[in-house]
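K.L.:
test case, fold it:
(2 chains)
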Number of protein chains: 2
Amino acid sequence: MAIRTRGAAAPRDSVLSHTMAIIESIPNISEGRRPDVVERIVVAIRETPGIRVLDHSSDASHNRSVITLVGGGSSVKNAILALYAAAVPAIDLRSHSGEHPRVGAVDVVPLVPIEGVTMAECVALARDVGAAVAQRFGIPVYLYEEASEHPLRKNLEDIRRGEFEGLAAKMATPGWAPDFGPGTPHESAGATVIGARMPLIAYNINLDTDRIDVARKIAAAIRHSSGGLRYVKAMAVKLEDRNLAQVSINLTNYQKTPVHRVFDMVAREAARYGVAVIESEVIGLIPAAALTSAAEHYLQLERFSAAQILENKLRGE
Amino acid sequence: MAIRTRGAAAPRDSVLSHTMAIIESIPNISEGRRPDVVERIVVAIRETPGIRVLDHSSDASHNRSVITLVGGGSSVKNAILALYAAAVPAIDLRSHSGEHPRVGAVDVVPLVPIEGVTMAECVALARDVGAAVAQRFGIPVYLYEEASEHPLRKNLEDIRRGEFEGLAAKMATPGWAPDFGPGTPHESAGATVIGARMPLIAYNINLDTDRIDVARKIAAAIRHSSGGLRYVKAMAVKLEDRNLAQVSINLTNYQKTPVHRVFDMVAREAARYGVAVIESEVIGLIPAAALTSAAEHYLQLERFSAAQILENKLRGE
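P.N.:
Residues are numbered from 1 along each chain as shown, chains lettered A, B, ... in the order given. Predicted coordinates for the structure are as follows:
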């Protein structure tokens, strides 16, 4: 059998360095009922040089919109500052209501490393953007997830607890001085949360049973909050139309808790109840590396580098 | 758990259509001892607009060189014609010797669909290039693999049998008129073989045994020629330095015979001899879809489309 080699493979760490840095940001703003306001904010982002807006969607009952943008580091910083400049004068939380918890007019701005950029660089960018937002707009800024150095302020839920209405009291308690900006809320915009995190994978596993209690026990077994895997959030869902129980999963760091380990653990737990896994499903997007890593695992693939993926080679240099 | 959607996924068939067509060609020329000649041929290819030369390597004992180039359809045609224009006057098979079988100065030119292009389009390109080569250089052209309509002329080995030295006699026998060009060999360049095929994956599986006979039995069980899977070529190799037996595999169509099916079959056959699989290994390059398909298989992933891979989305439109 001929051995095919076509030049040396790049070292694993530099696999993605042939492409320019791509950071994804998914700002959540507290406006989902006035399309003209949302549109002006989206336009301000889209007109930033070097930025692509991949998607935006609004939810009227949540009164909230989510915008997905990508670009290099300095472009992303400019786009986020343009977002605040457009959103802060237009959104007043004193007259805002909606089902979704929120602490700010611009509620949360995650930065996600996608290609050619490290988590450490995204953390540095989060700090840089946070300082600029506090200085230009006078809004208190909390860093979260990887960008936070406070163990109790990593989780978005913890920072947001009490919401805009409870913010002034919360900020006056020990440990809740913001990372940047004033020690009291901005009168109409509240506070804002900026941070860096891994891409989130939404992943469901369907069981060959209608027993929601089995899905609940499995969800409890695998999720971090009740003793399971570190980067797993999970709950049970009944698929009424198919009469199936589902384990619905958010994977917050697929590099440290890989998809295949979650799948195998769910299948093993299900077997304990005599239940089989019918199928799994990715909702939305998944990084290529999460799939490659599953293939490496099951195929027992050794000495493999992403530089061996034909498409990476074609786009290389 | 929130359901994340970011716009509709593209239909599966159009997954790659957002990128321009990329065809790979890996011409093999019968010159591996005169670096200046090889270099002139490589330069002629590299200077073709729209072409990237990914790699080239020469083997003196084979007296043969392999060049890997990529580009769109018309660029690839121009590059291949430039290759013949440079190679035909420089290589004379009447004074050529080497270990590797060969029938032409330009021995074989495969065209491989990579992205945004179908196999049917590569077959059409092979016919177009073949007709042009015959017309411009007066060389008989045999089509092979997917481009051939003759059942007995699909395999390169069958076309090459008898080599340059036996070519005149072979061409005079029934069934061996070329697809394009004269009915007799070109006096110095012989004939040439042009065709279209899937990307080849070189894939090895190492067994936890030093028994080469076990690897031989497994290779015989899985390969097409002795009753196994349609697109598998396999042989046993002893890794002397590690004292292990290896099943060394070429997978000639990973879409129809996927990597994971080959892996599982080898593991099952090995178990029959009480032998475990230690690891597998990809030599050289592998298309992303071959890995994605393994992940889909083992994770029982349904309703998945390559448009859900984050990197495809980022490069999209």
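K.L.:
quick one, strands of the stretch 201-317 of chain A?
P.N.:
Per DSSP state E, counting those that start in this stretch, the stretch 201-317 of chain A carries strands over the ranges A:201-207, A:232-239, A:244-251, A:277-283.
K.L.:
including distance to chain B, could those go into CSV?
P.N.:
To be clear about C-beta, it is placed using only N, CA and C from the backbone, and glycine gets the same treatment. Formatted as CSV, these follow (distance: least, Cβ to the nearest Cβ, whole Å):
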stretch, distance to chain B
strand A:201-207, 5
strand A:232-239, 6
strand A:244-251, 4
strand A:277-283, 4
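K.L.:
and the ones you listed as JSON lines, adding mean neighbour count?
P.N.:
JSON lines is the format used below for those (neighbours: other Cβ atoms under 10 Å in any protein chain shown):
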{"stretch": "strand A:201-207", "mean neighbour count": "23"}
{"stretch": "strand A:232-239", "mean neighbour count": "19"}
{"stretch": "strand A:244-251", "mean neighbour count": "23"}
{"stretch": "strand A:277-283", "mean neighbour count": "20"}
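K.L.:
mind listing what A:Gly138 touches?
P.N.:
A:Gly181, A:Pro182, A:His186 (Cβ atoms under 8 Å, 6 or more residues apart in numbering or on different chains).
K.L.:
adding neighbour count and secondary structure, write these out as TSV.
P.N.:
Listed next are the contacts of A:Gly138 as TSV, based on neighbours: other Cβ atoms under 10 Å in any protein chain shown; DSSP: H, G, I helix; E, B strand; the rest coil:
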residue	neighbour count	secondary structure
A:Gly181	22	coil
A:Pro182	15	coil
A:His186	21	strand
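K.L.:
and which of those residues is nearest to chain B?
P.N.:
Using Cβ to the nearest Cβ, A:His186 comes nearest to chain B of these, at 26.9 Å.
K.L.:
and that closest one, how far is that from A:Val141?
P.N.:
10 Å (Cβ to Cβ, to the nearest Å).
K.L.:
nearest to B:Pro113, of the contacts of A:Gly138?
P.N.:
Of all these, the one sitting nearest B:Pro113 is A:Gly181; the distance, using Cβ to Cβ, is 55.0 Å.
K.L.:
show me what contacts that closest one?
P.N.:
A:Gly181 touches A:Val133, A:Ala134, A:Gln135, A:Gly138, A:Ile139, A:Pro140, A:Val141, counting by Cβ under 8 Å, 6+ apart.
K.L.:
identify the farthest-apart pair in those residues.
P.N.:
A:Gln135 and A:Pro140 (11.7 Å).
K.L.:
identify the contacts common to those two.
P.N.:
Joint contacts of A:Gln135 and A:Pro140 (Cβ under 8 Å, 6+ apart) are A:Phe180, A:Gly181.
K.L.:
these two: which is more packed in?
P.N.:
A:Pro140 (27 against 12; other Cβ atoms under 10 Å in any protein chain shown).
K.L.:
can you list phi and psi of that one for me?
P.N.:
phi -70, psi 140 (degrees, to the nearest 10).
K.L.:
I'd say it and A:His186 touch.
P.N.:
Yes - because the distance of 7.0 Å satisfies Cβ atoms under 8 Å, A:Pro140 is recorded as touching A:His186.
K.L.:
pull the number of nearby residues for A:Arg64.
P.N.:
22.
K.L.:
that one pairs with what?
P.N.:
Legend: beta-bridge partners of A:Arg64 under DSSP bridges are A:Asp59.
K.L.:
A:Ile286 too?
P.N.:
Bridge pairing for A:Ile286 - DSSP bridges - gives B:Ile309.
K.L.:
that one against A:Pro258, yeah?
P.N.:
No - counting by Cβ under 8 Å, A:Ile286 stays clear of A:Pro258, with 11.7 Å between them.
K.L.:
now the element after the longest strand along chain A, going C-ward?
P.N.:
Ordering each strand of chain A by length in residues (DSSP state E) puts strand A:106-115 first. Toward the C-terminal end, the helix or strand that comes next after strand A:106-115 (DSSP states H and E) is helix A:119-137.
K.L.:
which outside residues touch the helix or strand just after that next one?
P.N.:
Next along the chain after helix A:119-137, taking DSSP H and E as the criterion, comes strand A:141-145. Here strand A:141-145 makes contact (Cβ under 8 Å, 6+ apart) with A:108, A:110, A:126-127, A:130-131, A:133-134, A:148-149, A:153-156, A:159, A:178-181, A:191-197.
K.L.:
drop anything exposed from the residues you listed.
P.N.:
Neighbour counting by 16 or more other Cβ atoms under 10 Å in any protein chain shown classes A:108, A:110, A:126-127, A:130, A:133-134, A:148, A:153-154, A:156, A:159, A:178-181, A:191-197 among the contacts of strand A:141-145 as buried.
K.L.:
show me where the stretch 1-150 of chain A dips below the pLDDT cut-off.
P.N.:
For the stretch 1-150 of chain A, the stretches with pLDDT under 70 are A:1-19.
K.L.:
and A:Tyr298, what is it in contact with?
P.N.:
Counting by Cβ under 8 Å, 6+ apart, A:Tyr298 has contacts A:His260, B:His260, B:Phe263, B:Ala294, B:Ala295, B:His297, B:Tyr298.
K.L.:
could you dump those residues to a markdown table with distance to A:Gly98?
P.N.:
A markdown table is the format used below for the contacts of A:Tyr298 (distance: Cβ to Cβ, whole Å):
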| residue | distance to A:Gly98 |
| --- | --- |
| A:His260 | 38 |
| B:His260 | 46 |
| B:Phe263 | 50 |
| B:Ala294 | 43 |
| B:Ala295 | 38 |
| B:His297 | 42 |
| B:Tyr298 | 41 |
